[in-house]
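K.L.:
Here is my input, please return the structure:
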Amino acid sequence: MHRSEDEILAQANGAVSAAYGGSPRANSFIARRMRKNVHEIDLVIPLPFDDAVEHVVRVLEGTGQRIEPPHAEPEDPGQTIRVLTGGGIWDMNPVVVTAQVTETRKDVSGVHLRAAAKEGAIRQRAGEKTAKRLASWLVT
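P.N.:
Numbers count the residues shown, from 1 in each chain. This next block holds a predicted model:
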(Lines give C-alpha, C1' and ligand atoms only; values in the text may rest on other atoms or scores of the structure.)
Protein backbone atom coordinates (compact mmCIF):
# COMPACT_ATOMS: atom_id res chain seq x y z
CA MET A 1 0.00 0.00 0.00
CA HIS A 2 1.46 3.33 -1.06
CA ARG A 3 0.36 6.18 1.17
CA SER A 4 0.67 9.82 0.16
CA GLU A 5 2.74 12.33 2.11
CA ASP A 6 -0.47 13.92 3.37
CA GLU A 7 -1.81 10.61 4.69
CA ILE A 8 1.47 9.78 6.42
CA LEU A 9 1.74 13.25 7.97
CA ALA A 10 -1.88 13.26 9.13
CA GLN A 11 -1.45 9.89 10.84
CA ALA A 12 1.91 10.89 12.37
CA ASN A 13 0.47 14.18 13.69
CA GLY A 14 -2.41 12.22 15.22
CA ALA A 15 0.08 9.89 16.94
CA VAL A 16 2.02 12.85 18.37
CA SER A 17 -1.22 14.32 19.69
CA ALA A 18 -2.21 11.00 21.30
CA ALA A 19 1.18 10.72 22.99
CA TYR A 20 0.47 13.99 24.79
CA GLY A 21 -3.13 13.29 25.77
CA GLY A 22 -4.84 14.78 22.73
CA SER A 23 -7.25 13.21 20.32
CA PRO A 24 -5.44 11.43 17.49
CA ARG A 25 -8.53 11.52 15.26
CA ALA A 26 -9.11 15.23 15.76
CA ASN A 27 -5.47 16.13 15.15
CA SER A 28 -5.33 13.83 12.12
CA PHE A 29 -8.46 15.54 10.75
CA ILE A 30 -6.96 18.98 11.32
CA ALA A 31 -3.56 17.97 9.90
CA ARG A 32 -5.18 16.94 6.61
CA ARG A 33 -6.33 20.55 6.17
CA MET A 34 -3.10 22.29 7.18
CA ARG A 35 -0.75 23.72 4.58
CA LYS A 36 2.37 21.74 3.79
CA ASN A 37 5.94 23.03 3.90
CA VAL A 38 7.90 21.27 1.15
CA HIS A 39 11.51 21.74 0.16
CA GLU A 40 13.41 19.93 -2.59
CA ILE A 41 17.16 19.83 -3.17
CA ASP A 42 19.20 18.20 -5.94
CA LEU A 43 22.62 16.91 -4.91
CA VAL A 44 25.60 15.30 -6.61
CA ILE A 45 27.42 12.67 -4.57
CA PRO A 46 30.86 11.47 -5.72
CA LEU A 47 30.03 7.78 -5.22
CA PRO A 48 29.06 4.96 -7.59
CA PHE A 49 25.32 4.22 -7.62
CA ASP A 50 25.30 1.24 -5.21
CA ASP A 51 27.56 3.02 -2.72
CA ALA A 52 25.45 6.17 -2.98
CA VAL A 53 22.28 4.19 -2.23
CA GLU A 54 23.93 2.62 0.85
CA HIS A 55 25.11 6.06 2.00
CA VAL A 56 21.66 7.64 1.58
CA VAL A 57 19.97 4.72 3.38
CA ARG A 58 22.46 4.94 6.27
CA VAL A 59 21.99 8.70 6.68
CA LEU A 60 18.20 8.70 6.37
CA GLU A 61 17.64 5.64 8.58
CA GLY A 62 19.87 7.31 11.17
CA THR A 63 17.34 10.13 11.44
CA GLY A 64 14.03 8.30 11.43
CA GLN A 65 11.88 5.30 10.65
CA ARG A 66 12.02 3.89 7.13
CA ILE A 67 8.60 3.71 5.49
CA GLU A 68 7.21 2.45 2.21
CA PRO A 69 8.44 4.64 -0.66
CA PRO A 70 6.01 6.06 -3.19
CA HIS A 71 5.20 3.89 -6.20
CA ALA A 72 8.10 4.02 -8.68
CA GLU A 73 7.49 4.12 -12.39
CA PRO A 74 8.75 1.06 -14.30
CA GLU A 75 11.11 3.17 -16.42
CA ASP A 76 12.49 4.93 -13.32
CA PRO A 77 16.23 4.10 -13.27
CA GLY A 78 16.85 5.06 -9.64
CA GLN A 79 16.29 3.87 -6.10
CA THR A 80 13.78 5.57 -3.78
CA ILE A 81 14.22 5.73 0.00
CA ARG A 82 11.63 7.26 2.33
CA VAL A 83 11.70 7.93 6.08
CA LEU A 84 9.48 9.56 8.67
CA THR A 85 11.55 11.77 10.94
CA GLY A 86 11.07 14.77 13.21
CA GLY A 87 11.63 18.45 12.61
CA GLY A 88 10.74 21.79 14.11
CA ILE A 89 10.82 22.52 17.83
CA TRP A 90 12.23 19.51 19.74
CA ASP A 91 11.82 17.44 16.55
CA MET A 92 8.11 17.08 17.39
CA ASN A 93 6.78 17.92 13.92
CA PRO A 94 6.63 14.81 11.69
CA VAL A 95 8.53 15.17 8.41
CA VAL A 96 8.37 12.80 5.43
CA VAL A 97 11.71 12.67 3.61
CA THR A 98 11.98 11.03 0.19
CA ALA A 99 15.30 10.57 -1.59
CA GLN A 100 15.60 9.46 -5.21
CA VAL A 101 19.11 8.22 -6.05
CA THR A 102 20.13 8.00 -9.71
CA GLU A 103 23.35 7.15 -11.48
CA THR A 104 24.63 10.15 -13.43
CA ARG A 105 28.10 8.93 -14.40
CA LYS A 106 30.26 5.94 -13.55
CA ASP A 107 31.47 7.20 -10.17
CA VAL A 108 28.93 9.96 -9.54
CA SER A 109 25.32 9.73 -8.41
CA GLY A 110 22.53 12.24 -8.15
CA VAL A 111 20.13 12.55 -5.24
CA HIS A 112 16.82 14.36 -5.38
CA LEU A 113 15.82 15.04 -1.77
CA ARG A 114 12.28 16.09 -0.82
CA ALA A 115 11.11 16.86 2.73
CA ALA A 116 7.50 17.68 3.61
CA ALA A 117 5.87 18.67 6.91
CA LYS A 118 2.56 20.19 7.93
CA GLU A 119 2.57 23.80 9.11
CA GLY A 120 0.41 24.99 12.00
CA ALA A 121 -0.24 28.51 13.19
CA ILE A 122 3.45 28.93 14.02
CA ARG A 123 5.50 28.52 10.86
CA GLN A 124 8.48 26.32 11.67
CA ARG A 125 9.51 25.49 8.07
CA ALA A 126 10.25 21.94 9.27
CA GLY A 127 10.29 20.54 5.73
CA GLU A 128 12.77 23.15 4.51
CA LYS A 129 15.05 22.92 7.54
CA THR A 130 15.04 19.12 7.52
CA ALA A 131 15.88 18.98 3.80
CA LYS A 132 18.80 21.37 4.26
CA ARG A 133 20.10 19.51 7.33
CA LEU A 134 19.96 16.11 5.61
CA ALA A 135 21.49 17.50 2.41
CA SER A 136 24.49 18.74 4.38
CA TRP A 137 24.89 15.29 5.96
CA LEU A 138 24.64 13.54 2.59
CA VAL A 139 27.40 15.56 0.92
CA THR A 140 29.92 15.28 3.77
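
K.L.:
From now on I want contacts and neighbour counts done on CA atoms only, so please keep to that.
P.N.:
OK.

K.L.:
show me the contacts for L113.
P.N.:
Counting by C-alpha atoms under 8 Å, 6 or more residues apart in numbering, L113 touches 40-43, 97-100, 131, 135.

K.L.:
Actually, Q79.
P.N.:
53, 100-102.

K.L.:
quick one on the thing from earlier: most neighbours among the contacts of L113, please name it.
P.N.:
Of all the contacts of L113, the highest neighbour tally under other C-alpha atoms under 10 Å goes to V97, namely 30 neighbours.

K.L.:
Tell me which residue is most central in the protein.
P.N.:
Centroid-nearest residue in the chain: V97, 0.7 Å away (criterion: C-alpha atoms, centre = their mean).

K.L.:
quick one, phi/psi of that residue?
P.N.:
Backbone torsions for V97, taken as degrees, to the nearest 10, come to phi -120, psi 130.

K.L.:
26 is where my numbering starts, stick with that
P.N.:
Let's use 26 as the start, then, which means that last one is V122.

K.L.:
what's the spacing between the closest residue to it other than its chain neighbours and D132?
P.N.:
The spatially closest residue to V122, leaving aside those adjacent along the chain, is A140, at 4.3 Å (C-alpha to C-alpha, 6 or more residues apart in numbering). Distance, A140 to D132, by C-alpha to C-alpha, to the nearest Å: 26 Å.
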